[in-house]
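the amino acid sequence is not available; the structure is as follows:
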């Protein structure tokens with residue numbers, strides 16, 4: 001057994017087992033030219049990585065919890081904002097434990113090197129059948145509460161995602177917790193009922209986008225507007241054309257000629273993301289553009305897209321944050337959403353921060369969630385991604401003034417300080 005495997009903490013469970021924002025009066029999130037600046041948290045990296053209980057900062061002395069348990073049902077690697085928060089809390093000198101269904105060795109090593117304890121309670125691939133999903137929920141609930149019951153009841157729980165709260169069950173309402181809602185779930189009544197049940201009891205509700213905060217307050221009669229914490233990474237390599245460590249991705253990207261401009265779409269390939277007009281537009285535009293798609297193709301969409309754009313390059317899912325090495329080679333980033341749900345209209349994608357960290361301009365769907373951020377900051381162009389002519393014209397607009405769009409993309413990324421916002425979010429909870 002490898003040393004990494006021997007360190008793994010896993011709470012097994014068999015399906016047959018029976019054991020048992022914008023705060024009112026607060027300031028808005030800074031997305032724009034004015035940057036919220038955070039003081040230096042820890043000058044000495046060795047101090048930042050200590051895990052002893054006395055390693056707490058001034059925020060703890062003012063009443064916020066010295067220990068935080070981050071809970072996320074599912075594989076931690078699939079939720080970069082969860083990893084961002086775990087690392088950010090550690091840099092704020094909290095004692096952090098991350099409880100998740102599972103994670104890769106690379107993610108575990110990264111968290112542990114930062115002084116974060118990692119516990120996996122239901123290590124298995126994502127379930128697909130209803131019975132398997134139910135078993136997964138029950139398994140996560142039992143495993144997580146075995147750990148939480150051994151902790152002080154006043155420890156702060158950082159509950160990431162609605163389904164994590166659902167898995168923990170009504171006992172959660174008796175504990176001290178922050179609820180992070182990454183989605184509106186406006187087309188899913190079961191999730192809506194769960195939000196209405198758990199959000200009012202949370203010490204703070206956190207969302208990644210300002211319009212979502214207002215919508216959730218109205219829908220669920222919350223006493224306070226949820227706090228806005230954008231899905232911006234805590235750390236970003238910032239340097240273009242990085243060496244790609246994933247061998248498969250590196251070989252695939254080598255098929256792109258050095259003179260070609262990569263137009264990159266990274267993310268979901270589900271049916272609700274219609275990429276066919278983009279494929280048609282890039283085929284029509286021809287050289288020097290090359291359409292590259294990065295993500296899991298569970299529904300066979302790539303074959304369909306290649307009928308419209310035969311030279312499309314597909315890179316399967318790369319474990320974060322190594323996927324940013326691929327992103328760094330793009331000339332333009334795509335953010336594609338539809339007017340099919342409020343969750344899409346007021347979207348808050350991680351990718352806009354991943355692109356702009358490299359100064360990569362974006363071609364975005366013209367929805368409010370992107371128009372009021374990317375479009376308003378000049379970090380890209382918002383067009384109808386259902387119309388090939390608009391897509392081509394958008395690419396040409398970016399090309400004509402590429403350096404200015406790239407500069408504004410970098411400014412957009414630098415306009416938000418995650419540590420400052422997180423410190424404000426947990427103050428007093």
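Received it, and whenever you're ready, just let me know what you need. This one's a predicted model, so the numbers in the text were calculated from it and none came from an experiment.

when you work out contacts or count neighbours from here on, use the C-alpha atoms and nothing else.
Will do.

show me where this structure has strands.
67-75, 95-102, 117-120, 156-160, 177-180, 204-207, 227-228, 261-266, 289-294, 313-315, 332-335, 362-365, 380-383 (DSSP state E).

longest helix of the protein?
helix 130-148 (DSSP state H).

ok and that one relative to strand 95-102, angle-wise?
Using axes from the mean of the first three to the mean of the last three C-alpha atoms, to 10 degrees, the direction of helix 130-148 lies 160 degrees away from that of strand 95-102.

in helix 130-148, what's buried?
Buried positions in helix 130-148, judged by neighbour count with 16 or more other C-alpha atoms under 10 Å: 135, 136, 137, 138, 139, 140, 141, 142, 143, 144, 145, 148.

okay if I get the strands of the chain as CSV plus mean neighbour count and distance to residue 421?
Shown next, in CSV, are the strands of the chain (neighbours: other C-alpha atoms under 10 Å; distance: least, C-alpha to C-alpha, whole Å):
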stretch, mean neighbour count, distance to residue 421
strand 67-75, 23, 17
strand 95-102, 24, 18
strand 117-120, 23, 23
strand 156-160, 23, 15
strand 177-180, 24, 14
strand 204-207, 26, 11
strand 227-228, 28, 8
strand 261-266, 23, 27
strand 289-294, 22, 30
strand 313-315, 21, 34
strand 332-335, 24, 25
strand 362-365, 27, 25
strand 380-383, 25, 25
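
same list (these) but as JSON lines, adding mean pLDDT.
Listed next are those as JSON lines, based on pLDDT from 0 to 100:
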{"stretch": "strand 67-75", "mean pLDDT": "96"}
{"stretch": "strand 95-102", "mean pLDDT": "96"}
{"stretch": "strand 117-120", "mean pLDDT": "97"}
{"stretch": "strand 156-160", "mean pLDDT": "98"}
{"stretch": "strand 177-180", "mean pLDDT": "98"}
{"stretch": "strand 204-207", "mean pLDDT": "98"}
{"stretch": "strand 227-228", "mean pLDDT": "98"}
{"stretch": "strand 261-266", "mean pLDDT": "98"}
{"stretch": "strand 289-294", "mean pLDDT": "97"}
{"stretch": "strand 313-315", "mean pLDDT": "98"}
{"stretch": "strand 332-335", "mean pLDDT": "98"}
{"stretch": "strand 362-365", "mean pLDDT": "98"}
{"stretch": "strand 380-383", "mean pLDDT": "98"}
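
right, and residue 292 touches residue 310 too?
No. With contact defined as C-alpha atoms under 8 Å, residue 292 does not reach residue 310; the gap is 11.5 Å.

what sits closest to the residue most central in space within the chain if chain neighbours are left out?
In the chain, the residue lying closest to the centroid (C-alpha atoms, centre = their mean) is residue 81, at 3.6 Å. Once flanking residues are discounted, residue 81 sits nearest to residue 231: 5.7 Å by C-alpha to C-alpha, 6 or more residues apart in numbering.

for that neighbour, give me its contacts.
81, 208, 348, 349, 350, 353 (C-alpha atoms under 8 Å, 6 or more residues apart in numbering).

quick one: residues in contact with stretch 69-86.
96-104, 107, 111, 116, 126, 140, 155-161, 163-164, 167, 231-234, 319-321, 350.

returning to what we had before: looking at the strands of the chain, which is closest to residue 408?
Closest approach to residue 408 among these (C-alpha to C-alpha): strand 380-383, 8.3 Å.

neighbouring strands of the closest one in the sheet, and parallel or not?
strand 362-365 (parallel) (DSSP bridges).

for the buried residues of helix 130-148, give me TSV that also has distance to residue 334 and pLDDT.
Listed next are the buried residues of helix 130-148 as TSV, based on distance: C-alpha to C-alpha, whole Å; pLDDT from 0 to 100:
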residue	distance to residue 334	pLDDT
135	37	89
136	34	89
137	34	92
138	38	93
139	38	93
140	35	95
141	37	96
142	41	96
143	39	96
144	38	97
145	41	97
148	41	97
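
which pair of the residues you listed spans the longest distance?
Maximum distance among these (C-alpha to C-alpha): 19.8 Å, for 135 and 148.

would you confirm that residue 357 contacts residue 406?
No. Counting by C-alpha under 8 Å, residue 357 stays clear of residue 406, with 9.9 Å between them.

per-residue confidence for residue 44?
pLDDT for residue 44: 36.

ditto for residue 236
So residue 236 comes in at 96 (pLDDT).

residue 15 too?
pLDDT, residue 15: 33.

ok, for residue 138, nearest residue in space, not its chain neighbours?
Per C-alpha to C-alpha, 6+ apart, closest to residue 138 is residue 167, 6.8 Å.

so how far is residue 177 from that neighbour?
14 Å (C-alpha to C-alpha, to the nearest Å).

how about residue 332?
Distance from residue 332 to residue 177, by C-alpha to C-alpha: 39 Å.

same deal with residue 288?
For residue 288, the distance to residue 177 - C-alpha to C-alpha - is 51 Å.

same check on residue 188?
Applying C-alpha to C-alpha to residue 188 and residue 177 gives a distance of 23 Å.

now residue 154: closest residue in space, sequence neighbours ignored.
Nearest non-adjacent residue to residue 154 (C-alpha to C-alpha, 6+ apart): residue 176, at 6.1 Å.

ok, residue 311 - contacts?
Counted by C-alpha under 8 Å, 6+ apart, residue 311 has contacts 290, 291.

hmm, I typed the wrong one, I wanted residue 381.
Applying C-alpha under 8 Å, 6+ apart, the residues near residue 381 are 362, 363, 364, 374, 375, 394, 397, 398.

and for residue 375, the neighbour number?
Counted with other C-alpha atoms under 10 Å, residues neighbouring residue 375 total 21.
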